[in-house]
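Engineer: Please find the sequence and the predicted model below.
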Amino acid sequence: MGNNRFDLLSLGEILLRLSPPDNERIVSGETFQKQVGGAELNVVSGVSILGLRTGVVSKLPDNALGIYAKDKVRFCGVSDDFLVYDDSQDARLGIYYYENGAYPRKPGVVYDRRHTSFDKISLEELPKEMFQSTRCFHTSGITLALSENIRRTAIEMIKRFKENGTLISFDVNFRGNLWTGPEAKACIEEILPYVDIFFCSEETARLTFLKEGDAKRIMKSFTQEYPISVVASTQRIVHSPKKHTFGSVIYSAKEDCYYEEEPYRNIEVVDRIGSGDAYVSGALYGLLAYDFDCQKALEYGNAAGAVKNTIKGDLPSCSKREMDAIIRNHKHVGPELEMDR
């Protein structure tokens with residue numbers, strides 16, 4: 001790993017998640033369960049649990065909610081070295097409210113994340129040595145969509161990391177309630193010349209980047225247009241809010257090869273939030289821990305994404321040992337034990 005202190009750093013907003021218990025409605029329930037999440041925090045948490053050194057770059061309010069979020073970051077084994085704090089009178093932590101679905105009612109999200117402390121983050125608050133401290137830097141389209149200030153800060157951060165030889169990972173993670181398809185396309189195309197590892201679903205590629213052709217042709221086209229090394233695309237089938245099938249395809253430009261495996265079928269969904277981020281964490285772990293082995297990225301990505309659906313909250317919680325057992329069982333043909341013991 002050379003002189004790098006970290007395998008992976010990410011930039012993203014850390015959020016407070018409030019959810020009615022079980023299948024209660026926001027409009028009628030009386031209580032909320034408090035949790036912490038955020039796309040980029042979910043990613044580095046998953047990679048940390050699997051055994052690599054990670055950190056998150058963000059800004060928190062200097063109050064009790066900020067302390068709660070910081071403690072959760074540390075609990076996941078993620079470094080808080082690059083967290084900065086807002087002690088202004090209007091300091092605030094972004095919030096989102098999540099409501100579970102039950103067929104035919106879909107899950108729902110209400111955002112309350114404007115004018116947060118993270119919205120005011122600037123490069124001047126961060127140490128210059130940060131840009132030489134990691135093998136890989138990750139962020140997502142959610143972060144780019146939040147505000148013009150964050151967008152400019154994130155793009156400049158990507159450029160500075162790239163100048164120092166850092167791998168750049170980017171997840172499109174399009175959210176229609178944060179920005180429009182044309183806005184996302186224009187902004188993301190500005191950073192794609194710097195991206196090494198690109199996560200984009202087939203649906204997003206068609207709707208946001210106006211791509212045509214089959215999924216594999218679309219994935220390869222990104223590497224023909226930009227110096228991207230690896231493209232990963234998740235494939236989720238939602239049979240109902242409580243029953244999903246999850247898999248992916250990964251394309252290696254260097255090998256001109258597609259990697260696929262049997263998807264995880266009939267997943268018993270407890271909480272789907274963060275499952276896409278868990279996939280990214282597993283895929284990045286496979287690439288960073290196994291010298292860009294796309295087969296490993298596929299296996300860990302699919303397993304992490306599938307299993308996160310079965311865990312409450314945004315953050316993953318599967319150890320390397322548990323993940324390896326899940327991957328072995330997924331490949332196994334024949335009867336399985338009902339319990340690991």
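Structural biologist: That came through fine. Numbers count the residues shown, from 1 in each chain.

Engineer: and the helix or strand of the chain with the lowest mean pLDDT, how far from the chain's centre?
Structural biologist: Every helix and strand in the chain was compared by mean pLDDT, DSSP states H and E; the lowest is strand 108-112, with a mean of 90. With Cα atoms, centre = their mean, to the nearest Å as the basis, strand 108-112 stands 18 Å off its chain's centre.

Engineer: Paired strands for that strand, with orientation please.
Structural biologist: With DSSP bridges as the test, strand 108-112 is paired with strand 95-99 (antiparallel).

Engineer: Where does the prediction get shaky in the protein?
Structural biologist: Low-confidence segments of the chain, defined by pLDDT under 70: 1-3, 333-341.

Engineer: which residues of it fall in strands?
Structural biologist: Per DSSP state E, the chain carries strands over the ranges 6-11, 15-19, 33-37, 54-61, 83-86, 95-99, 108-112, 134-140, 167-171, 197-199, 230-240, 243-252, 257-259, 264-268.

Engineer: Tell me which of those is the most buried.
Structural biologist: strand 6-11 (a mean of 27; mean count of other Cβ atoms under 10 Å). All C-beta atoms are positioned from the backbone trio N, CA, C, and that covers glycine.

Engineer: May I have the strands that pair with that one, each with its orientation?
Structural biologist: strand 54-61 (parallel), strand 134-140 (parallel).

Engineer: Any chance you could list what contacts that strand?
Structural biologist: Applying Cβ atoms under 8 Å, 6 or more residues apart in numbering, the external contacts of strand 6-11 come out as 1, 40-41, 43-44, 47, 52-58, 79, 82, 130, 133-139, 143, 154, 157, 169, 284, 288-289.

Engineer: switch to 7 Å and redo it
Structural biologist: 1, 40, 43-44, 47, 52-57, 79, 82, 133-139, 143, 154, 157, 284, 288 (Cβ atoms under 7 Å, 6 or more residues apart in numbering).

Engineer: hmm, back to that, closest one to V73 among the strands of the chain?
Structural biologist: The minimum distance between V73 and the strands of the chain falls on strand 54-61, with 6.1 Å, by Cβ to Cβ.

Engineer: Give the closest residue to D7 in space, chain neighbours not counted.
Structural biologist: Distances taken as Cβ to Cβ, 6 or more residues apart in numbering place L52 nearest to D7, at 4.0 Å, with adjacent residues excluded.

Engineer: I figured the one you found hits L288, correct?
Structural biologist: Yes. The pair L52 and L288 passes the contact test of Cβ atoms under 7 Å, sitting 6.0 Å apart.

Engineer: Helices of the stretch 151-300 of the chain, start to end?
Structural biologist: For the stretch 151-300 of the chain, the helices defined by DSSP state H, counting those that start in this stretch cover 181-191, 202-209, 215-225, 275-289, 294-308.

Engineer: need the strands paired with strand 6-11 in JSON lines with distance to T245, can you?
Structural biologist: Output for the strands paired with strand 6-11, formatted as JSON lines (distance: least, Cβ to Cβ, whole Å):
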{"stretch": "strand 54-61", "distance to T245": "29"}
{"stretch": "strand 134-140", "distance to T245": "24"}
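
Engineer: give the contact list for the nearest residue to A289 once chain neighbours are set aside.
Structural biologist: Spatial nearest neighbour of A289, excluding adjacent residues (Cβ to Cβ, 6+ apart): L52 at 6.3 Å. Listed by Cβ under 7 Å, 6+ apart, the contact set of L52 reads 7-8, 285, 288-289.

Engineer: how about CSV for these, with distance to S221 added?
Structural biologist: Putting the contacts of L52 into CSV (distance: Cβ to Cβ, whole Å) gives the following:
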residue, distance to S221
D7, 29
L8, 27
Y285, 26
L288, 25
A289, 28
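
Engineer: right, and out of the residues you listed, which lies closest to I311?
Structural biologist: Nearest to I311 among the contacts of L52: Y285, at 16.9 Å, using Cβ to Cβ.

Engineer: Run a quick neighbour tally on that closest one.
Structural biologist: Using other Cβ atoms under 10 Å, Y285 has 28 other residues around it.

Engineer: now the one 5 residues further on
Structural biologist: Taking other Cβ under 10 Å as the criterion, the count of residues near Y290 is 14.

Engineer: Could I get the phi/psi values of it?
Structural biologist: Main-chain dihedrals, Y290, degrees, to the nearest 10: phi -130, psi 40.

Engineer: Please look at it and Y300 and confirm they touch.
Structural biologist: No. Y290 lies out of contact with Y300 (Cβ under 7 Å); the separation is 8.8 Å.

Engineer: From K254, how far off is D277?
Structural biologist: 26 Å (Cβ to Cβ, to the nearest Å).

Engineer: Name the residue in the two with the higher neighbour count.
Structural biologist: D277 (32 against 10).
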